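> Whatever this is, show me its structure:
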Amino acid sequence: MSDPEFRLLVVCTANRCRSPLAEAIARDRFATRRWRRSAAISSGTRAEDGLPATEGTELTAERLGLDVNAHSSRALTDDVIGCVYVDPDHSGTADVMVRSWVRASHAGLDDRLAATVDRWLRTSWPVDSVRWPGRTITR
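Here you go, the predicted structure:
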């Protein structure tokens, strides 16, 4: 993946803590890898538009060498076609556990999304193993 093109949407509840920090981390990783055609944004399922990141988020970002001071919260819109969850795998069988879904109107993209995310995690993230509970990923 020399310069992949994709859009990453990170979602949390208020879009003031977790998702702005994850967005900043992703943007930093994209810049480090010179992925100029990729973008990361964040939003919240119950966000109020226009609020800054929390002070704790700003301090954490600063410790990581990142800047979230220009962040402005935004609510999730209806144009989202699916979601991917990447969490630590507490079963001890993998580094991360991944779950995903797509809306019924875009069900034909489900396998392609999962395969693309799986490949991205295995080649671009600092993880050795990925677990997808309840599904087999075609590589």
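> Tell me the buried residues in stretch 63-71?
Residues of stretch 63-71 classed as buried by neighbour count (16 or more other C-beta atoms under 10 Å): Leu66, Val68, His71. In this view, the C-beta of every residue, glycine as well, is placed from N, C-alpha and C.
> my bad, stretch 78-93
Val84, Val86, Asp89.
> Which of those fall in strands?
Val84, Val86 (DSSP state E).
> In a markdown table, list the buried residues of stretch 78-93 along with pLDDT and distance to Ser43.
Formatted as a markdown table, the buried residues of stretch 78-93 follow (pLDDT from 0 to 100; distance: C-beta to C-beta, whole Å):
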| residue | pLDDT | distance to Ser43 |
| --- | --- | --- |
| Val84 | 85 | 14 |
| Val86 | 87 | 17 |
| Asp89 | 92 | 26 |
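> Endpoint to endpoint, stretch 116-134 covers what distance?
One end of stretch 116-134 to the other measures 17 Å (C-alpha to C-alpha, to the nearest Å).
> for that stretch, the distance to its chain's centre please.
Relative to its chain's centre, stretch 116-134 lies at 13 Å (C-alpha atoms, centre = their mean, to the nearest Å).
> what about the strands in the chain?
Going by DSSP E, the chain shows strands at 7-12, 39-44, 82-88, 96-102, 130-131.
> So for Thr54, which of those sits nearest?
Within the strands of the chain, the stretch nearest Thr54 is strand 7-12; the backing value is 11.4 Å (C-beta to C-beta).
> what mean pLDDT would you report for the closest one?
For strand 7-12, mean pLDDT rounds to 85.
> can you list the domain ranges for this protein.
As assigned by automatic domain parsing, the chain contains the domains 1-80, 81-139.
> so of the ones you listed, which one's packed in deepest?
Greatest average neighbour count among the domains of the chain goes to domain 1-80 (a mean of 16), per mean count of other C-beta atoms under 10 Å.
> Run the chain-centre distance for that one.
8 Å.
> ok, now stretch 100-110?
When distances are taken as C-alpha atoms, centre = their mean, stretch 100-110 is centred 17 Å away from the chain's centroid.
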